[in-house]
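> I would like to see how this sequence folds:
(2 chains)
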Amino acid sequence: MDLFPLWLSLGVSLTATALTLLLGVPMAWVLARKRFPGRNFLEALVVLPLVLPPTVLGYYLLLLLGRRGPVGAALAALGAEIAFTWRAAVVAAVVGSIALLIKAAQAGFESVDRQLEQAARTLGRSEWGVFWSVTLPLAWRAVLAGTILAFCRAMGEFGITLMLAGSIPGRTQTLPLAIYDHVQANQMREANALALIAVGVVALLVFGLSRFARVRF
Amino acid sequence: MARNMITVAVVKRLPGFTLDIAWSAEEPVAVLFGPSGAGKTLTLQCLAGLIRPEAGRIVVDGRVFFDAALGINLPPPRRRIGYVFQGYALFPHLTVTGNVAFGLRDRPRAERLDRTREVIERLGLRGIEERYPRELSGGQRQRVALGRALAIDPALLLLDEPLSALDRPLRESLRDELRRILDDWQRAVVVVTHDFAEAYRLGDRVIVYDAGRVVQSAPRSELLWQPASESVARIMGIRNVLRGTVVKATSDRIQVRWRGLTLEAVNSPTRSYLPPPDAPIAFFIRPEYVRLIRKDRGAPDPVHHMNLMTGVVVSDVDFGTTWTLRIRLDEPGEPAQGAFDLEVEVPRLVYEILEIDRDRHWQLSIHRGSIHVLPA
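Residues are numbered from 1 along each chain as shown, chains lettered A, B, ... in the order given. Here you go, the predicted model:
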């Protein structure tokens, strides 16, 4: 049985989760701690991927990142084509999952008593130091919970991926797309196997971490 | 002398509240005292650099922390301030050692360890170094918070309601311990409290706050006997704050008409407060300075017993070692304080010997030195 979709999905989801952390944690901190004009707009923008139809999101991303899109053309000129490559699957997974991380991390940061951060400031820490020595150590469970949710969501990403990356077997066909294809082709045994694997990976993550790291979702 | 000098003048506008204060202290321990919401904590936050005032100047030990006109505003890490927050704000993810050493990160490792050990030793935290804040008692938490602040050898120590998180018996013993630590410390300290007993016990200078302003700043003993105004007396929780009219004022005496009586009070010569006749005047009489005239000792003599009056005990409250009697005078008209005119405090022994529970009608006398006139 061809396990390429599983390895692709794992690779794409891990890459996407790393990017999500890199972009999402600072964003969550800004939303939790800073007051600035346009903050409400930013907050709404963050949850947009959760409420828009994935195909609509995928469609606009395609317009943006496709070979003729403004960003896509520029990147293609640099030799980094996005649409219909594995990179597109990563972009799709980040867009589809980042809101989950941001919301969870933001709630985690907001629950940290600001007085503790003030105490750290009076004890000589810079803003950067305050984040690493107080805010993050006290909110890491929430950040981890958000990371797991985002990873699982990335594993399951379907609509955006289909629009932006296509479903090219051996290139951009991720696990959910492969399951769909198998069902379409009436290969129920393969579909069944891949679905069970997907359930296994997610169950392992969610139950394993909630048990060992006492993470609450 | 200038070593401990703190000069603060700040204006900070918040929605619905304006802090506009100025005071200075040469004494080692300055206490900001006043009701909650008066702006005391806000002042500490300005001192620590956690809040930026709109205008003003803050100078500690000759170092300018803030000067709106010159555009100076040192960030908190550069002010080197030890701030003990209300509720202590200990880091819950760090042990006692981790909390105490938190501010020492930039020191060389050996120095950090030495300093941490020294502070743990001095504050009696030996044996609980590896515990987390949630595993500590209230008194231990307070000492850890104090140790964490003192470890960085701050130029100024700020304590926000240091004892309010503790139960009463513990609070009283820790108040003395805290005073000892502060005496030992020998650096500028600013304490915030809404409890006058605490302010008096801890402070060398007491700065009275009300509604975002300083209403009095005085050495503690001066404040105790000479509150600057009726409102200061009320904020201090002084009992028997009363209002009458002036009969006659000279530099050393003041005669006050109150409840149909003419009381004679000592006028403070240093203050030379000389209100015109018939001016309204506030004064207070400490409940423990009102004397009950014994009925078994003959008539009161005018030299020792002045400001005589008679009245009935309308209610009394047992405080254990003392009794508080609420007395309504025999004079016609509305009583001065609702159902009664004066609160009188007597030791339990006096209450028992005089059988006050049975005998309710008494003649009272108040020495002229015990009637304190409050300038308008």
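
> Quick one: neighbours of the residue in the stretch 251-376 of chain B that chain A sits nearest to, just the number.
Closest to chain A within the stretch 251-376 of chain B is B:F319: 36.2 Å, counting by Cβ to the nearest Cβ. Every residue, glycine included, has its C-beta placed from N, CA and C. B:F319 has 10 neighbouring residues, counting by other Cβ atoms under 10 Å in any protein chain shown.

> got the contact list for the residue in the stretch 151-300 of chain B that chain A sits nearest to?
Of all residues in the stretch 151-300 of chain B, B:I152 sits closest to chain A, at 6.3 Å by Cβ to the nearest Cβ. B:I152 makes contacts with A:L123, A:G124, B:R80, B:G82, B:G103, B:L104, as judged by Cβ atoms under 8 Å, 6 or more residues apart in numbering or on different chains.

> How about B:R63?
B:R63 makes contact with B:A155, according to Cβ under 8 Å, 6+ apart.

> Now it. Its backbone dihedrals?
Main-chain torsions, B:R63, degrees, to the nearest 10: phi -90, psi 130.

> so how far is B:C46 from it?
As judged by Cβ to Cβ, to the nearest Å, B:R63 and B:C46 stand 15 Å apart.

> which non-adjacent residue is nearest B:W362?
Of all residues not flanking B:W362 in the chain, B:L292 sits nearest, at 5.2 Å (Cβ to Cβ, 6 or more residues apart in numbering or on different chains).

> Near that neighbour, how many other residues are there?
Using other Cβ under 10 Å, B:L292 has 19 neighbouring residues.

> try B:T270
B:T270 sits with 8 neighbouring residues when counted by other Cβ under 10 Å.

> likewise A:G108?
Residues lying near A:G108 (other Cβ under 10 Å) number 24.

> Adding pLDDT, write the contacts of B:I152 out as TSV.
Below are the contacts of B:I152 laid out as TSV (pLDDT from 0 to 100):
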residue	pLDDT
A:L123	95
A:G124	92
B:R80	90
B:G82	93
B:G103	94
B:L104	94
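
> now, which of those lie within strands?
Cross-referencing those against strands under DSSP state E gives B:G82.

> Can you tell me which of the contacts of B:I152 has the most neighbours?
Among the contacts of B:I152, the one with the most neighbours (other Cβ under 10 Å) is A:L123, at 29 neighbours.

> Report the separation between that residue and B:I152.
Computed as Cβ to Cβ, the A:L123 to B:I152 distance reads 6 Å.

> shared neighbours of the two, which are they?
Common neighbours of A:L123 and B:I152, using Cβ under 8 Å, 6+ apart, are B:G103.

> before we move on, back to that, which one of the contacts of B:I152 is nearest to B:V214?
Lowest distance from B:V214 to those (Cβ to Cβ) belongs to B:G82, with 23.4 Å.

> what's the helix or strand for the closest residue to that closest one other than its chain neighbours?
Spatial nearest neighbour of B:G82, excluding adjacent residues (Cβ to Cβ, 6+ apart): B:A149 at 3.1 Å. B:A149 belongs to helix B:138-151 when elements are defined using DSSP states H and E.

> quick one: B:P162 is in a strand?
No: counting by DSSP: H, G, I helix; E, B strand; the rest coil, B:P162 is not part of a strand but coil.

> isn't it right next to B:R141, touching?
No: the criterion here is Cβ atoms under 8 Å, and B:P162 misses it with B:R141 at 10.9 Å.

> which of these two has more neighbours?
Taking other Cβ under 10 Å, B:P162 and B:R141 do not tie; B:P162 has more neighbours (25 against 20).

> What distance do you get for the more buried one to B:T322?
In terms of Cβ to Cβ, B:P162 sits 27 Å off from B:T322.

> Also B:A233?
Taken as Cβ to Cβ, the span from B:A233 to B:T322 is 21 Å.

> quick one: low-confidence parts of the chain?
Assuming you mean chain A. The model of chain A has pLDDT under 70 over residues A:215-217.

> let's do chain B instead
Looking at chain B by pLDDT under 70, you get B:1-4, B:269.

> where does it come near chain A, residue by residue?
B:45, B:48-50, B:75-77, B:79-83, B:85, B:87, B:89, B:91-93, B:102-103, B:105-106, B:148-149, B:152 (Cβ under 8 Å from any Cβ of the partner chain).

> which of the residues in the top helix by length along chain B are buried?
Longest among the helix segments of chain B by residue count, using DSSP state H, is helix B:168-185. Within helix B:168-185, the residues scored as buried using 16 or more other Cβ atoms under 10 Å in any protein chain shown are B:R171, B:L174, B:R175, B:E177, B:L178, B:I181, B:L182, B:W185.

> for stretch B:152-162, same thing?
So, applying 16+ other Cβ under 10 Å, buried residues of stretch B:152-162: B:I152, B:P154, B:L156, B:L157, B:L158, B:L159, B:D160, B:E161, B:P162.

> Which parts of the chain are helices?
Picking chain A for this. Under the criterion DSSP H, helices of chain A are mapped to A:4-33, A:39-51, A:54-65, A:70-77, A:86-110, A:114-122, A:127-130, A:136-156, A:159-165, A:175-184, A:188-212.

> my bad, chain B
Under DSSP H, chain B gives helices at B:40-48, B:76-79, B:96-100, B:109-122, B:138-151, B:168-185, B:196-202, B:220-225, B:230-235, B:348-353.

> Would you mind putting those helices into JSON lines with distance to A:L8 alongside?
Converted to JSON lines, the helices of chain B look like this (distance: least, Cβ to Cβ, whole Å):
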{"stretch": "helix B:40-48", "distance to A:L8": "54"}
{"stretch": "helix B:76-79", "distance to A:L8": "48"}
{"stretch": "helix B:96-100", "distance to A:L8": "44"}
{"stretch": "helix B:109-122", "distance to A:L8": "48"}
{"stretch": "helix B:138-151", "distance to A:L8": "51"}
{"stretch": "helix B:168-185", "distance to A:L8": "63"}
{"stretch": "helix B:196-202", "distance to A:L8": "68"}
{"stretch": "helix B:220-225", "distance to A:L8": "76"}
{"stretch": "helix B:230-235", "distance to A:L8": "72"}
{"stretch": "helix B:348-353", "distance to A:L8": "87"}
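
> I am finished for the moment; much appreciated.
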